[in-house]
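Chemist: take this sequence and fold it.
(one chain, ligands or ions: 1)
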Amino acid sequence: MTSADLRIGGGTIVTHEAMFPGDVLVHEGRIAAILQPGEAAPAQQVIDATGLHVLPGAIDVHVHFREPGFGHKETWATGTKAAAAGGVTTVFEMPNTDPATATPEAVAAKIAHARPQAHVDFGVYGLFAESTLPMLEEMRAAGAIAFKLFLGSDNPRIPCPNDGAVLDGLEALAAMGLRTTIHAENTPILKWREAQMKAAGRHDLAAHNFMHPDIATVEAVCRAALFAEWTGAKIHIAHESCHHSIPWIAHAKARGVDITAETCPQYLLLSTEDAARLPGTFLRVKPPIREPGHAEPLWRALLDGTIDMISTDHAPHLPSEKSRDSIWDAAPGFPGVQTSMPLMLAQVSAGRMTLPDYVRRSSFNAARAFGLFPRKGLLTPGSDADIVLVDMAKVGEVRREALHSRGNATAFEGFPLKGLPVRTLVRGRTVALDGRALEAAGWGRNLDGEWH
Ligand code: DOR
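Modeler: Predicted coordinates for the structure are as follows:
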């Protein structure tokens, strides 16, 4: 290498454990060297990062990009643009599309559909269902990066398998070495309580929360951990929302279970009290935003390592789909992939955690859990040059119109921000600048076979 492609100079490099002044040299999409400030090394292009922090791009292992089937809510182009603008350089996309990602053909078709649209790197989840058990190997060969198990589901396209099938599937996935991401709620409790609420003529948000009680998630977390211990499977608890789960996750970790967990900004920053400032049914999400008192223990668990990472459960819906007369007609979830890093950097600015604390939970731990490490999640020679430049002095606020997502009905409208991603690079190419995605469709790469 006579001359590198790019030097990002003058900034403060942030890793999962430290911050130091240094320059990043990039060549052919990878990090070629970390240099001392001012250390000589020729480069074709220089990005001046003076006054900025240089972070690994965030990895969000929980997004719904809706295609095929629901392109009016999101497309792979709009979803990955939102990711790029929000400092997210790798996403894992969920299988509850139409058709669901529940056959090798559906996995291959989703990847083929995503590839020409993607602005950031991506992995595609296969569905873990009774019907897919005989096909897990073929789905993996077709490109599935991991599997998603809906233990809590009232949706026939993504049914909850019976416990025998869960056990068999985890045994098979343990042998394959793939981690299973689990929506941990107890389906019979959800269905029983939903029927009760509907029979009582209830249509309010509290009826949704009654349908999703704390015990429904605690039981499913414990069952998932028990099955993982029994089978040796690697599991990942999706969108942890409930403080009662935390001791059980810690207990499983202490017993040596290969269990990781995520939580999301909506569970760290919102409670049922936020319903008052939003239209009646808007706050609906599964699992629910719970009453005050859950967020503080979730923060503690995130900082002590019981919860490993921040994801978003980016679940875009149109504003009209969120605000309905009846809670049962209101679409659950909100977009999050573009607002997660800004919201968390605002928490860094408020002194809630340090930038290295954030990097460990936004990229490092996710890369390690899902087999992407050290190509992703680290700024070191040989790693992909997935980099976010952050301006910790820049202020703003969450605004729906600034979101690239089609379903842009954010629950965080008006939230003040301090610390914003100002440039995102995926494998050395700038894909977003000053909070807007550049046109880079087709640059995002599918993280298939080579990563396993
Ligand atoms: O609220 C939710 N919305 N929870 C899920 O698990 C799925 C998601 C969606 O796809 O809209």
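Chemist: CA atoms for contacts and neighbours, from now on please.
Modeler: Noted.
Chemist: which stretches of the stretch 151-300 of the chain form strands?
Modeler: 179-183, 234-237, 259-263 (DSSP state E, counting those that start in this stretch).
Chemist: other residues contacting the shortest one?
Modeler: Residues outside strand 234-237 that contact it (CA atoms under 8 Å, 6 or more residues apart in numbering): 174, 177-184, 221, 224-225, 228, 257-262.
Chemist: neighbouring strands of it in the sheet, and parallel or not?
Modeler: Here strand 234-237 has these sheet partners by DSSP bridges: strand 179-183 (parallel), strand 259-263 (parallel).
Chemist: and the last one with the ligand, contact?
Modeler: If I follow you right, that is strand 259-263. No: shown here: strand 259-263 not in contact with the ligand (CA under 6 Å from any ligand atom), separated by at least 12.8 Å.
Chemist: for that strand, list the C-alpha coordinates in CSV.
Modeler: Taking C-alpha atoms only, strand 259-263 is exported to CSV below (Å, rounded to 0.1, in the frame of the first residue of the first chain):
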residue,chain,number,x,y,z
ILE,A,259,-27.6,-15.9,27.0
THR,A,260,-27.4,-12.3,25.8
ALA,A,261,-30.1,-9.6,26.1
GLU,A,262,-31.0,-6.3,24.5
THR,A,263,-33.2,-3.4,25.6
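Chemist: contacts for it?
Modeler: 225, 228, 234-241, 249, 252-253, 298, 302, 306-312, 369.
Chemist: show me which of those residues are buried.
Modeler: Those of the contacts of strand 259-263 that meet the buried threshold are 225, 228, 234-241, 249, 252-253, 298, 302, 306-312, 369, by 16 or more other CA atoms under 10 Å.
Chemist: shaky segments in the stretch 101-250 of the chain?
Modeler: Along the stretch 101-250 of the chain, the model assigns pLDDT under 70 to no residue.
Chemist: run through the bridge partners of the residue in it that the ligand sits nearest to.
Modeler: Closest contact between the stretch 101-250 of the chain and the ligand, by CA to the nearest ligand atom, is at His183 (6.7 Å). Taking DSSP bridges as the rule, His183 bridges to Phe150.
Chemist: that one: neighbouring residues, count only.
Modeler: 24 (other CA atoms under 10 Å).
Chemist: and if you look at Asp329?
Modeler: The number of residues packed near Asp329 is 13, by other CA under 10 Å.
Chemist: what do you get for the one 3 residues further on?
Modeler: Counted with other CA under 10 Å, the neighbours of Pro332 add up to 20.
Chemist: let me know the pLDDT of it.
Modeler: As predicted, Pro332 sits at a pLDDT of 98.
Chemist: now the closest residue to it other than its chain neighbours: how far from Thr410?
Modeler: Nearest residue to Pro332 in three dimensions, chain neighbours excluded: Val285, at 4.2 Å (CA to CA, 6 or more residues apart in numbering). Counting by CA to CA, to the nearest Å, the gap from Val285 to Thr410 is 12 Å.
Chemist: who has more neighbours out of these two?
Modeler: Thr410 (26 against 19).
Chemist: now do the same contact list for Gly143.
Modeler: Counting by CA under 8 Å, 6+ apart, Gly143 makes contact with Val107, Ala108, Ile111, Val124, Leu447, Asp448, Gly449.
Chemist: what subset of those is buried?
Modeler: Val107, Ala108, Ile111, Val124, Leu447, Asp448.
Chemist: tell me which of these fall in strands.
Modeler: Val124 (DSSP state E).
Chemist: can you add distance to the ligand and give the buried ones among the contacts of Gly143 back as CSV?
Modeler: Shown next, in CSV, are the buried ones among the contacts of Gly143 (distance: CA to the nearest ligand atom, whole Å):
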residue, distance to the ligand
Val107, 17
Ala108, 20
Ile111, 18
Val124, 14
Leu447, 22
Asp448, 23
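Chemist: out of the buried ones among the contacts of Gly143, which sit inside helices?
Modeler: Residues of these located in helices (DSSP state H): Val107, Ala108, Ile111.
Chemist: so the second one is in contact with Arg140, correct?
Modeler: Put plainly, it is Ala108. No: the pair Ala108 / Arg140 is not scored as a contact, 9.9 Å apart, by CA atoms under 8 Å.
Chemist: and the protein, which residues reach the ligand?
Modeler: So far as CA under 6 Å from any ligand atom goes, the chain lies against the ligand at His64, Val285, Lys286, Ala315, Pro332, Gly333.
Chemist: let's see that with 8 Å instead.
Modeler: Counting by CA under 8 Å from any ligand atom, the chain comes close to the ligand at 64, 66, 94, 96, 150, 153, 183, 284-288, 313-317, 331-334.
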